[in-house]
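Next comes the sequence, and after it the predicted model I'd like to discuss.
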Protein chains: 2
Amino acid sequence: MTKRPTLQDVADAVGLSPATVSYALRGQRGSAETRARVQAAAEALGYQVDPIARALANGRSGTLAVLCGSTRDTWHRALATDLVRALIARDRRALLTDADGDADRERALLDLLAEQRADGLLVAALDPFAPHWEEVARSTPLVAIGDRLAEAPSASAVVFDNAAGFALVVDHLAALGHRRLLVLLPERPSTPDRPAETSVREAARARGLTVELLRVPPAGADPDAPIERVAAALVRTGATAVFCLSDGYAFDVLRAARRSGLRVPDDLSVVGFEDVEEADLVGPGLTTVSWDHEQVVETAVTMLLDALDHHTGPSVAVIAPRLVVRGTTSRPPAAR
Amino acid sequence: MTKRPTLQDVADAVGLSPATVSYALRGQRGSAETRARVQAAAEALGYQVDPIARALANGRSGTLAVLCGSTRDTWHRALATDLVRALIARDRRALLTDADGDADRERALLDLLAEQRADGLLVAALDPFAPHWEEVARSTPLVAIGDRLAEAPSASAVVFDNAAGFALVVDHLAALGHRRLLVLLPERPSTPDRPAETSVREAARARGLTVELLRVPPAGADPDAPIERVAAALVRTGATAVFCLSDGYAFDVLRAARRSGLRVPDDLSVVGFEDVEEADLVGPGLTTVSWDHEQVVETAVTMLLDALDHHTGPSVAVIAPRLVVRGTTSRPPAAR
DNA sequence: ACTTTTATGGGAAGCGCTTCACATCACCAG
DNA sequence: CTGGTGATGTGAAGCGCTTCCCATAAAAGT
């Protein structure tokens, strides 16, 4: 494990000063001939700049970071890795890190990455109600990706038009003849998700549907726990369709339905939200709201790179939802 | 965007030298009283060490890196993010990056991470036939995770006992009464995957099964392309079961079967390899070989941390496969 | 012919932190 | 009262690179 060659070594090898070598290596100055000689010597010695020293010297790390609130579910996981991949495809160094659902850690990582030199930040699935990143965005180009985000004038954002997604679902179900709807949405103890709740209610009311909201713990946590309540709610309200605000819930519901002999979609229609990869594979295929993954990634990456390269000011892009009708929805039993 | 406070600023604030502050902040030296004063001042100024400067000064970055050959498929993606998560859960800074299937990029990233200061490396899904990482491992603690790996004495490794997995599958199918087997394995133009090929053949021969091997392009690339060949091979050999060396292929086969009216598992048994998350969701559930995800992650992380903290030498852990029998296998038609 | 530009190369000062080596000083044993 | 010991604090030398700014030489302008 011999020591890595340094700039000085290269300089010695060609008989020039480190300064000259530094310039030459980056092609910024020096005669063509000198540059060639330096290049050759560097090559011969197997020299590679030490990015840490460089970062310390010029104040920027040359690395972009993707911070994901949690990579626990497949959708966010795919998003996060796709972001990294897209960045890398554009020849940027990119790193991913994960707060694993912990708000404190999220904040710490954000500080770490931003105040401490990531040249740019892509943050996904952060808690939108704790916009610490808004502050960070003032000093580092940052693009936030997520549901409706708190107002954050200095950060760019890619937001999902959830309300439009809800409308699509409600329209679809209404068109099929459903009149009573059960909606599963995540319980967020800290900050009730008012926007989602009211959006859904409004969408339903506009189409004359009855809607019952049910808050359930995170999907997958205990797949069976919410089921009892769902079943109860189903009976109580006579709902013929369940709209799950996350595909994860939808899978749980499907599983439970299968076990209890309820046929989907004949007896019960189920709609998800997110379009995780599994949605297309599971049984008859989950009807769900889909966000164009590629568009999200492209938009976010482009925004960040523009901000970086052209000092573009913050902007907001809204992603439109698309309803993917697969096999878990059909007309309600009564309408047959 | 005011400048970040430096060590010097803290030193000035408490009227001590930067050296003292540095020690005090890390609790290495100094009287308790001094330490407290320094802490307080640092707190008050909002001081946080600059990890870059620290890294330059003491030669290590304080960050571990996970390098994934490709996060394109869900299995590796999950593995990679789980590794990061596990590391973070143990209070290490961890970053993930992705070579996106490009061998050159893989090599470049490896150099970047290793020679240029990641304190430790977890590499997954690298091309096992290009053990550049073996060289890297000589200077940086490294744990490789993957299929049979080239001999790499200086790297620790977590390897999947593929041969045992093949045996499980063949046993299962043989027990069900299958006699002719079609095996789909990935084509690797550069380095024919002899080990897998011979392992499968041997396993089959030992149980008196006939096996036809079919090399197919990466799963998902063009879902329909290989199907023709699969169908042809099925007819030609009269195979009653398809063993896919990756769940991805299995999904393609299932899809194709459904389209062409073949019933699984009544007409055709299908077995996968990997147990991606989707396997449990798809139709009747894919029978597949599963690796204990958690065990893999725990083992790898523990190995790395041991190497880091206790200077443990390189070691190799073998992960045993488990056959998960779900709904895509049954007795062959003739045996009913 | 002489002054201006225009290349090239180098000296040296950092970037913010760690750490070695040394200076102090209080304190206790002899 | 002196030498020894350990605990604290500090000066200064880097870590490897970038970059400001000056020196010099060559090319160009008048």
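Happy to help now that I have it.

Which positions in whatever helix or strand residue A:198 lives in come out as buried?
Assigning secondary structure by DSSP states H and E places residue A:198 in helix A:194-206. Residues A:196-197, A:199-200, A:203-204 are the ones in helix A:194-206 that count as buried (16 or more other CB atoms under 10 Å in any protein chain shown). Glycine gets a C-beta too; all of them are placed from N, C-alpha and C.

Over to stretch A:163-183?
A:163-170, A:172-174, A:176-183.

before we move on, what about stretch A:240-249?
A:240-249.

Tell me who's in contact with residue A:68.
A:76-77, A:79-80, A:96-99, A:123-125 (CB atoms under 8 Å, 6 or more residues apart in numbering or on different chains).

Run through the bridge partners of it.
Beta-bridge pairing for residue A:68 (DSSP bridges): residue A:98, residue A:124.

mind listing what the most centrally placed residue in chain A touches?
The residue lying closest to the centre of chain A (CA atoms, centre = their mean) is residue A:124, at 4.1 Å. With contacts defined as CB under 8 Å, 6+ apart, the neighbours of residue A:124 are A:66-69, A:76, A:79-80, A:83, A:144-146.

tell me how far stretch A:57-76 is from the chain's mean position?
11 Å (CA atoms, centre = their mean, to the nearest Å).

What separation is there between residue A:316 and DNA strand C?
32 Å (CB to the nearest atom of the strand, to the nearest Å).

Okay, and the beta partners of that residue?
residue A:157.

Could you verify my assumption that it touches residue A:161?
No. Residue A:316 is not in contact with residue A:161 according to CB atoms under 8 Å; the separation is 11.3 Å.

got the residue ranges for the helices in the stretch 101-250 of chain A?
Here the stretch 101-250 of chain A has its helices, by DSSP state H, counting those that start in this stretch, at A:103-114, A:132-136, A:162-176, A:194-206, A:225-237, A:247-259.

what residues does the longest one touch?
What it means is helix A:162-176. A:147-148, A:181, A:195-196, A:199-200, A:202-204, A:206-209, A:241, A:243, A:269, A:271, A:273, A:287, A:289, A:320-323, A:325, A:329-332, A:335.

go on, the fourth one?
Under the criterion CB under 8 Å, 6+ apart, residues A:147-148, A:162-163, A:166-167, A:169-170, A:181, A:183, A:185, A:210-211, A:213, A:243, A:245 lie in contact with helix A:194-206.

do that again at 10 Å, thanks
A:128, A:147-148, A:161-171, A:173-174, A:180-181, A:183, A:185-186, A:188, A:193, A:209-213, A:215, A:243, A:245, A:273 (CB atoms under 10 Å, 6 or more residues apart in numbering or on different chains).

Now tell me which helix or strand of chain A has the poorest mean pLDDT.
Lowest on mean pLDDT, DSSP states H and E among the helices and strands of chain A sits helix A:103-114, with a mean of 70.

close to chain B, is the lengthiest helix in chain A?
The helix that spans the most residues within chain A, counting by DSSP state H, is helix A:293-310. No. If you take CB under 10 Å from any CB of the partner chain as the test, helix A:293-310 misses chain B, and the best it gets is 12.8 Å.

do stretch A:325-336 as well
No. With CB under 10 Å from any CB as the criterion, chain B is not reached by stretch A:325-336; the gap is at least 11.3 Å.

Could you list the buried residues of that stretch?
Here stretch A:325-336 shows A:326, A:328-332 as buried, counting by 16+ other CB under 10 Å.

repeat for stretch A:101-110
A:101, A:105-107, A:109-110.

For those residues, please prepare JSON lines with the additional fields distance to DNA strand C.
Shown next, in JSON lines, are these (distance: CB to the nearest atom of the strand, whole Å):
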{"residue": "A:101", "distance to DNA strand C": "30"}
{"residue": "A:105", "distance to DNA strand C": "21"}
{"residue": "A:106", "distance to DNA strand C": "23"}
{"residue": "A:107", "distance to DNA strand C": "19"}
{"residue": "A:109", "distance to DNA strand C": "18"}
{"residue": "A:110", "distance to DNA strand C": "18"}
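
closest to residue B:43 among those?
residue A:107 (16.0 Å; CB to CB).

Is residue A:35 within a helix or a strand, and which one?
Judged by DSSP H and E, residue A:35 forms part of helix A:32-45.

avg pLDDT for that helix?
The average pLDDT for helix A:32-45 rounds to 88.

Then stretch A:83-99?
87.

end to end, how far does that stretch reach?
Stretch A:83-99 has an end-to-end distance of 16 Å (CA to CA, to the nearest Å).

Please apply the same query to stretch A:255-272.
14 Å.

From the chain's centroid, how far away is that stretch?
That offset, for stretch A:255-272, works out to 29 Å (CA atoms, centre = their mean).

and if you look at stretch A:138-151?
The answer for stretch A:138-151 is 12 Å, by CA atoms, centre = their mean.

any bit of it sitting next to DNA strand C?
No. Shown here: stretch A:138-151 not in contact with DNA strand C (CB under 7 Å from any atom of the strand), separated by at least 13.2 Å.

right, and out of the contacts of residue A:124, which lies closest to residue A:155?
residue A:144 (5.2 Å).
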